[in-house]
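In: turn this into a structure:
(one chain, ligands or ions: 1)
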Amino acid sequence: MGGRLEGKVAIVTGTSRGVGVGISRSLLEAGATVVGCSRRELPALPAAAGIDDEGLRSAQWVCNQEDLQQVDAFVERVVQTWGSLDILVNNAGGTVPVPLAESVPPLAAKIQGAPRAEDDFERTALYHAHAIQNNLTSPLWFALRAARQMLRQSGRSSIINISSGAGHAAGSPTLVSYGAAKSGMNHMTRSLAEEWGPKIRVNCLALGPTMTANFERLVLGRQEQGEDYFENVPIGRAGTPEEVGRTAVFLCSGEVDVINGTTIEMDGGMLPGVLYETGLAPIREMLEAAGEPTRRVSDAGADRGISK
Ligand SMILES: NC(=O)c1ccc[n+]([C@@H]2O[C@H](COP(=O)([O-])OP(=O)(O)OC[C@H]3O[C@@H](n4cnc5c(N)ncnc54)[C@H](OP(=O)(O)O)[C@@H]3O)[C@@H](O)[C@H]2O)c1
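Out: Sure, this is the predicted structure:
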């Protein structure tokens, strides 16, 4: 067959659903061996269906990236099983938007997966800490552990971090800690590329809205806007996991080695901030139904008695 990634061994984190499925499928189609992970146990890599049904060059293993020991053991097991590690895609992550950064409702903390807390301040603090752990610290742990292996191999390797438009320097109200974590991820990408070149290229893909089952159900499914949701996105639609996957294959192939240390925005050309209000709408609806306090991003100043 002779794909562009023939013979390469890849780890993709967060492959039980969503963008991680698109990435792992593209890497598999390009000939790589792909080991995916998630907190949930699955019998096989979902993306391997129809490509590698026998699991000869794919696997899905449990690894909670919030646990340092699990990250260490996971990378070790991949190297023991497949002999090397050439690609890491740090995809696992995400959060849910909140209308009030200073007071995170129990429902939002629960959907995000933050540790439970009865006390309002503790819950709010843990929600933000969880966003930073899962979107910045854990991807750094994975990169550090992967680099230990990659730096001692003879060939060149590639790390790709999956970031977000929420990391834009314009700020990200409703996604304060997540935006800060993704912004940190963009910065970390540059630093690690400088430290690890020429052995490892490190790049970042900052996604705008990307059509996953969760996105469709939680964001689009609850809104009446339908296609209007994307009217402020120049290409008029969301990105797809397959597009992210194809870009990852290109970066990992090393065909253009000079792309290194950079963050590529995959947001259809949209302006920062145009979707924060619409992105918050479904979670606000859920919170209002649960009797939780909410506010519109644009009303934040008025709430504090400041007229515009
Ligand atoms: N979809 C978008 O519109 C969009 C936009 C901008 C950026 N992004 C970024 O793209 C990436 C993927 O997002 P997505 O939309 O595909 O999210 P998703 O549908 O929620 O999928 C997240 C994946 O990560 C896994 N995961 C989450 N926490 C984990 C942990 N602690 N350890 C191991 N696995 C974990 C989940 O599996 P388990 O729950 O089974 O562990 C799942 O497989 C994220 O980094 C997100 O920030 C997405």
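In: residues of stretch 100-108 that come out buried?
Out: Residues of stretch 100-108 classed as buried by neighbour count (16 or more other C-beta atoms under 10 Å): 100-101, 104-108. C-betas here are computed from N, CA, C, even on glycine.
In: same check, this time on stretch 62-79
Out: Neighbour counts over stretch 62-79 (16+ other C-beta under 10 Å) mark 63-66, 70-72, 74-75, 78-79 as buried.
In: and the two most separated of those residues?
Out: For the buried residues of stretch 62-79, the farthest-apart pair by C-beta to C-beta is 66 and 79; their separation is 21.6 Å.
In: show me the contacts for the residue in the stretch 51-200 of the chain that the ligand sits nearest to.
Out: Nearest residue of the stretch 51-200 of the chain to the ligand, counting by C-beta to the nearest ligand atom: residue 93, 3.0 Å away. Contact partners of residue 93, counting by C-beta atoms under 8 Å, 6 or more residues apart in numbering, are 14, 134-135, 138-139, 162, 181.
In: so which residues of the stretch 101-250 of the chain form strands?
Out: Taking DSSP state E, counting those that start in this stretch as the test, the strands found in the stretch 101-250 of the chain are 157-164, 200-207.
In: just name the most buried of those.
Out: strand 157-164 (a mean of 26; mean count of other C-beta atoms under 10 Å).
In: and that strand, which strands flank it?
Out: Strand 157-164 has the following strand partners under DSSP bridges: strand 87-90 (parallel), strand 200-207 (parallel).
In: give me the contact status of that strand with the ligand.
Out: Yes: judged by C-beta under 6 Å from any ligand atom, strand 157-164 and the ligand are in contact via 162, 164.
In: now do that strand: everything it contacts.
Out: 19, 23, 85-91, 93, 139, 143, 146-147, 150, 178-179, 182, 185-186, 188-189, 192, 199-207, 244, 248, 251-252, 254, 263.
In: let's see 7 Å
Out: Contacts with strand 157-164, where a contact means C-beta atoms under 7 Å, 6 or more residues apart in numbering, come from 19, 86-91, 93, 139, 143, 146, 150, 182, 185-186, 189, 199-207, 248, 251-252, 254, 263.
In: over to stretch 129-149?
Out: Against stretch 129-149 from outside (C-beta under 7 Å, 6+ apart): 11, 13, 65-66, 68, 71-72, 75, 79, 85, 88, 90, 93, 95, 112-115, 159, 161, 177-178, 180-182, 184-185, 188, 192, 196, 200.
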